[in-house]
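**Q** missing the sequence, but the structure's below:
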């Protein structure tokens, strides 16, 4: 076999590897059961990603304004979550900004979670979306915890404060995205909200479950039993 033929075979082999990578690995998806096992038993939940400029500054300010107006009438809730409550209010379909938020979650966040965690985005469901307030006169931080969801996101709404940010326990990095940026991660990845030194920090937070709320927990329980 001459050099020319050898080079052709090498090129064909590399082309085959590229094909397998693009249409094999990239299209690979875990089964529903594997998704749950990876997150809850195999501790394969440390991936996270910051999506840049998911919301504009104006959109962020509109969400803050509506959150403040809602709280002026209904107060900020402090005990909506049992284990690790935040000073927050749930954003529902009645809010003016709900449609915008809902569309961006499904159009941008779900596909990114699909790629990051090798799952099927059409099996993701919004469990809860809420606006959280940290400030020097009230709640200033949130200790290490896991969320009651398979996946979560945090969107930075403002930057006129000092301190703050999100830290994951496994690497101790303080992540402080800019206004409109979105941090996506597994809710089972232990994390905390860092101490706000001054000013008020507003974030938009969401809990995303796989299949349905409680699906993974029930499946894991069935394995243990």
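**A** It's in. Not measured: the values here are computed from a predicted model.

**Q** Spell out which residues make up each domain of the protein.
**A** 1-28, 32-224 (automatic domain parsing).

**Q** any chance you could map the strands in this structure?
**A** Applying DSSP state E to the chain gives strands spanning 48-51, 88-90, 124-135, 142-145, 151-156, 161-163, 166-168, 174-175, 182-186, 191-193, 196-210.

**Q** Out of those, the one nearest residue 37 is which?
**A** Nearest to residue 37 among the strands of the chain is strand 196-210 (11.7 Å), distances taken as CB to CB. In short, each C-beta sits where N, CA and C put it, glycine included.

**Q** for the closest one, which positions count as buried?
**A** Within strand 196-210, the residues that count as buried by 16 or more other CB atoms under 10 Å are 196, 200-210.

**Q** Now do residue 125: how many residues are near it, please.
**A** 17 (other CB atoms under 10 Å).

**Q** List the beta-bridge partners for it.
**A** When bridges are called by DSSP bridges, residue 125 pairs up with residue 209.

**Q** do the same with the one 5 residues further on
**A** For residue 130, the beta-bridge partners are residue 90, residue 205 (DSSP bridges).

**Q** Quick check: the two most widely separated of the buried residues of strand 196-210?
**A** For those, the maximum inter-member distance is 33.1 Å, found between 200 and 210 (CB to CB).

**Q** worst average pLDDT in the domains of the chain?
**A** Among these, domain 1-28 carries the lowest mean pLDDT, a mean of 58.

**Q** Out of the buried residues of strand 196-210, the closest to residue 81 would be?
**A** Looking across the buried residues of strand 196-210 and measuring by CB to CB, the closest to residue 81 is residue 207, at 9.6 Å.

**Q** now the helices for this structure?
**A** 3-20, 32-40, 57-74, 98-104, 110-117, 215-224 (DSSP state H).
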